[in-house]
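>>> Fold the following.
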Amino acid sequence: AAELGGLPLLVTLLAAALRLPGLGHPHQLIFDETYYAKDAYALLLVGHELVWPDGADDAWLAGDPQPTEEAAYVVHPPLGKWLIALGLQGLGAETAAGWRISAAVAGTLSVLLVSLIAQRMFRSVLLGGAAGVLTAVDGHHLVMSRVALLDIFLMLFVLAAFGALLADRYRGRRRLAAVDPDAPLLWRPWPLLAGVLLGAAAAVKLSGLAFLAVFGIVVVLWDLQARRAGGARRWGLAGLRDAGVAVVTVLPVAALTYLASWAGWLRSGTGWGRLWHESHPAEGLAALVPGPVRSLWQYHLMSTDFHTGLDAGHDYASTPWTWLFMGRPVSFHYESFDPGEAGCQVERCSSAILDLANPVIWWAGLIALVLVIALWLGRRDWRFGAILSGYVAGFAVWLLFPGRTMFFFYTIAYHPFLILSLVAVGAIVLRAGTDPQRFAAEEVRANRRRNTVVILSFLLLATAVSIFFLPVWTGELIDYEQWRLRMWLPSWV
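Okay, here's the model as predicted:
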């Protein structure tokens, strides 16, 4: 209960204050909201996605959504759209807040999670608060929390799974210290929860599978190290036994969670491809698999071809290597106004929603990432390796598809690990010159004050930069010249 008070709670309130007000502006289906909001509405109606007629966006914005009865072929699993549907169910489709509220809640919850995770990893309330503040005020996270896209839900489930695996790491070491280090650890609820969460991540976007794979490897390495450090005589065998137990428990839980997200499609009988098995009789062992599940498998084979082969051009497409430097952020919304329009009182006004991270946070985060890699190689601190695992899982998967159309906003999935990289460097700064065995008590106190000032100064700088960029993150009406002033790089336009 104590961990839920203080700074983590305050930064969560800050996050909510930035994400919830004005959520209904603009009253438009911006960027891919035109797909996901309408898909969510169809899920509420029939349990699966539907085809929408020409002019459907105009009818939607007029408060008269009218899909056809034809099932639609879509390429993303349904869970993220079901979460958007919760907002539509609660607030209705008449207001844009209805299709965006779920994303705002997910973004706000992730601020609380990253704050608590950082506080636990680095045993510092200040650093936990710093992680929360940096997440709350960053524009990339803010924008993705205020639009009805899927990626914010993917990030939330990945982050929550990471937190669950951290909890298991701490719990497992306490248990091994209290019993025979060779004894099996059969009941491990935290990895089971992580399995549910990673299954949910994949049920939002299939790229969540990369986190399942990488986190699985990390947990095996943690278990091996724990057995060895605990003095197990056959630590390798014990660690592999732990891995075997995890495989036969966690993976089925993740798979069942993923399958459950398709319940609406499976129950409908009218979803796209739902009856494929009826015209394609099974042969051999495949006959043991229920027909609807075979149809779902075929659906996934087709969607996998789409994901790996997508190469349509787009003005805001970018490559993973440019994401490192924020080379091509995505413009979700832009409108230009003449004097007298929409309250414009100057020669020309702009209203923009640009998925642009806070440059100080993003570019400092890149430097921090390089330092974390060096520190992990030099110190073998498990915390640095854990942070890198999340970043690698989110980033490296896209390197496998160099010709695919990709966008900067995919990076939100591993955004928490960039923040944790900054906090990891902050932890080193905070403890510099505070070893009581090397410094006098007065020096230790002075160094602690200095280090705290450095951390707080960075937070103030990041916050000031966020205040400067806030208008182009929230669609505020501003002077066109003010908008141009915020486009620091030509590729941001």
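>>> And Arg175, what's its pLDDT?
Arg175 carries a pLDDT value of 73.
>>> Leaving out chain neighbours, which residue sits closest to it?
Leaving out its chain neighbours, the residue that sits closest to Arg175 by Cβ to Cβ, 6 or more residues apart in numbering is Leu185, at 6.1 Å. Every residue, glycine included, has its C-beta placed from N, CA and C.
>>> if I pick the one you found, what's in contact with it?
Residues counted as contacts of Leu185 (Cβ atoms under 8 Å, 6 or more residues apart in numbering) are Gly172, Arg175, Leu176, Asp242, Val245.
>>> Most neighbours among those residues, which one is it?
In terms of neighbours by other Cβ atoms under 10 Å, the contacts of Leu185 top out with Asp242 at 23 neighbours.
>>> my read: it touches Gln225, true?
No - the pair formed by Asp242 and Gln225 falls short of the contact definition of Cβ atoms under 8 Å, at 11.3 Å.
>>> low-confidence ranges in this structure?
Within the chain, the set of residues satisfying pLDDT under 70 comprises 1-5, 177-178, 180-182, 306-311.
>>> center of the chain, which residue is that?
Averaging the C-alpha coordinates of the chain gives a centre point, and the residue nearest to it by Cα atoms, centre = their mean is Met155 (1.5 Å).
>>> Could you measure from that one over to Ser336?
In this structure, Met155 and Ser336 are separated by 32 Å, where distance is defined by Cβ to Cβ, to the nearest Å.
>>> quick one on the thing from earlier: nearest to Ala71, of the contacts of Leu185?
Val245 (40.8 Å; Cβ to Cβ).
>>> from what I can see Gly128 touches Thr12, true?
No - applying Cβ under 8 Å as the test, Gly128 and Thr12 come out as separate, 11.4 Å apart.
>>> These two: which is more packed in?
Neighbour comparison, Gly128 and Thr12: the larger count goes to Gly128, with 25 against 22 (by other Cβ under 10 Å).
>>> Can you tell me the closest non-neighbouring residue to that one?
Counting by Cβ to Cβ, 6+ apart, the nearest residue to Gly128 once its immediate chain neighbours are dropped is Gln119, at 2.6 Å.
>>> Remind me which helix or strand that neighbour belongs to.
If you go by DSSP states H and E, Gln119 is part of helix 96-122.
>>> buried sites along that helix?
Residues 96-119, 121-122 are the ones in helix 96-122 that count as buried (16 or more other Cβ atoms under 10 Å).
>>> Please apply the same query to stretch 446-456.
Buried residues in stretch 446-456 (16+ other Cβ under 10 Å): Asn447, Asn451, Ile455.
>>> from these, which is closest to Leu193?
The closest of those to Leu193 turns out to be Ile455 (Cβ to Cβ; 31.9 Å).
>>> Need the phi and psi values for that closest one.
The phi and psi values for Ile455, taken as degrees, to the nearest 10, are phi -60, psi -50.
>>> Find the residue closest to it in space, skipping its chain neighbours.
Per Cβ to Cβ, 6+ apart, closest to Ile455 is Gly426, 5.5 Å.
>>> Look up how far Phe469 lies from the one you found.
Gly426 sits 22 Å away from Phe469, taking Cβ to Cβ as the criterion.
>>> and the two? which has more neighbours close in?
Between Gly426 and Phe469, Gly426 has the larger neighbour count (other Cβ under 10 Å), namely 25 against 21.
>>> Regarding that one, what is its secondary structure?
Taking DSSP: H, G, I helix; E, B strand; the rest coil as the rule, one finds Gly426 in the helix state.
>>> And it, how far from Ala462?
The value you get for Gly426 to Ala462, if Cβ to Cβ is used, is 12 Å.
>>> Please apply the same query to Leu165.
Here Leu165 is placed at a distance of 28 Å from Ala462 (Cβ to Cβ).
>>> how near is Ser261 to Ala229?
Using Cβ to Cβ, Ser261 is found at 38 Å from Ala229.
>>> Actually, Ala136.
Relative to Ala229, and taking Cβ to Cβ, Ala136 is found at 36 Å.
>>> Then Pro21?
Computed with Cβ to Cβ, the distance linking Pro21 and Ala229 is 49 Å.
>>> next one: Glu33
Distance check for Glu33 against Ala229: by Cβ to Cβ, it reads 49 Å.
>>> So which of these two has more stuff around it?
Higher neighbour count among Glu33 and Ala229: Glu33, with 23 against 13, using other Cβ under 10 Å.
>>> Name all residues that make contact with the more buried one.
Going by Cβ under 8 Å, 6+ apart, Glu33 touches Trp99, Val147, Ala148, Leu149.
>>> how much space is there between it and Ala40?
When Cβ to Cβ is applied, the distance between Glu33 and Ala40 equals 10 Å.
>>> so what sits against both of these two?
Taking Cβ under 8 Å, 6+ apart as the contact rule, the neighbours common to Glu33 and Ala40 are Trp99, Ala148.
>>> circling back: by neighbour count, which of the contacts of Glu33 wins?
Highest neighbour count within these, by other Cβ under 10 Å: Ala148, with 31 neighbours.
>>> Name the SS class of Lys350, please.
Quick fix: residue 350 reads Ser, not Lys. Applying three-state DSSP: Ser350 is strand.
>>> Report the contact partners of the closest residue to it other than its chain neighbours.
Computed as Cβ to Cβ, 6+ apart, the closest residue to Ser350 that is not its neighbour in sequence is Trp483, at 4.0 Å. With contact set as Cβ under 8 Å, 6+ apart, Trp483 has these partners: Ser350, Ala352, Pro471, Val472.
>>> In CSV: those, plus neighbour count and distance to Gly313.
Compiled in CSV, these are given as follows (neighbours: other Cβ atoms under 10 Å; distance: Cβ to Cβ, whole Å):
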residue, neighbour count, distance to Gly313
Ser350, 22, 25
Ala352, 22, 22
Pro471, 20, 30
Val472, 26, 25
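>>> Reformat those as a markdown table; add distance to Gly55.
Formatted as a markdown table, the contacts of Trp483 follow (distance: Cβ to Cβ, whole Å):
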| residue | distance to Gly55 |
| --- | --- |
| Ser350 | 27 |
| Ala352 | 26 |
| Pro471 | 32 |
| Val472 | 30 |
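>>> need the next SSE after whatever helix or strand Trp362 lives in, C-terminal direction.
Element membership for Trp362 (DSSP H and E) is helix 359-379. Using DSSP H and E, the helix or strand that directly follows helix 359-379 along the chain is helix 382-396.
>>> Report the buried residues of that following helix.
382-395.
>>> between that helix and helix 359-379, how many degrees?
Using axes from the mean of the first three to the mean of the last three Cα atoms, to 10 degrees, one finds that helix 382-396 and helix 359-379 are set 120 degrees apart in direction.
>>> Keeping just the C-alphas, turn helix 382-396 into CSV.
Below are the C-alpha coordinates for helix 382-396, written out as CSV (Å, rounded to 0.1, in the frame of the first residue of the first chain):
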residue,chain,number,x,y,z
TRP,A,382,20.9,-8.0,-14.3
ARG,A,383,18.8,-4.8,-14.3
PHE,A,384,20.6,-3.4,-17.3
GLY,A,385,20.1,-6.7,-19.1
ALA,A,386,16.4,-6.8,-18.2
ILE,A,387,15.9,-3.3,-19.6
LEU,A,388,17.8,-4.1,-22.8
SER,A,389,15.6,-7.3,-23.3
GLY,A,390,12.5,-5.2,-23.5
TYR,A,391,14.0,-2.7,-25.9
VAL,A,392,15.5,-5.4,-28.1
ALA,A,393,12.2,-7.4,-28.3
GLY,A,394,10.3,-4.3,-29.4
PHE,A,395,13.0,-3.0,-31.8
ALA,A,396,14.7,-6.0,-33.4
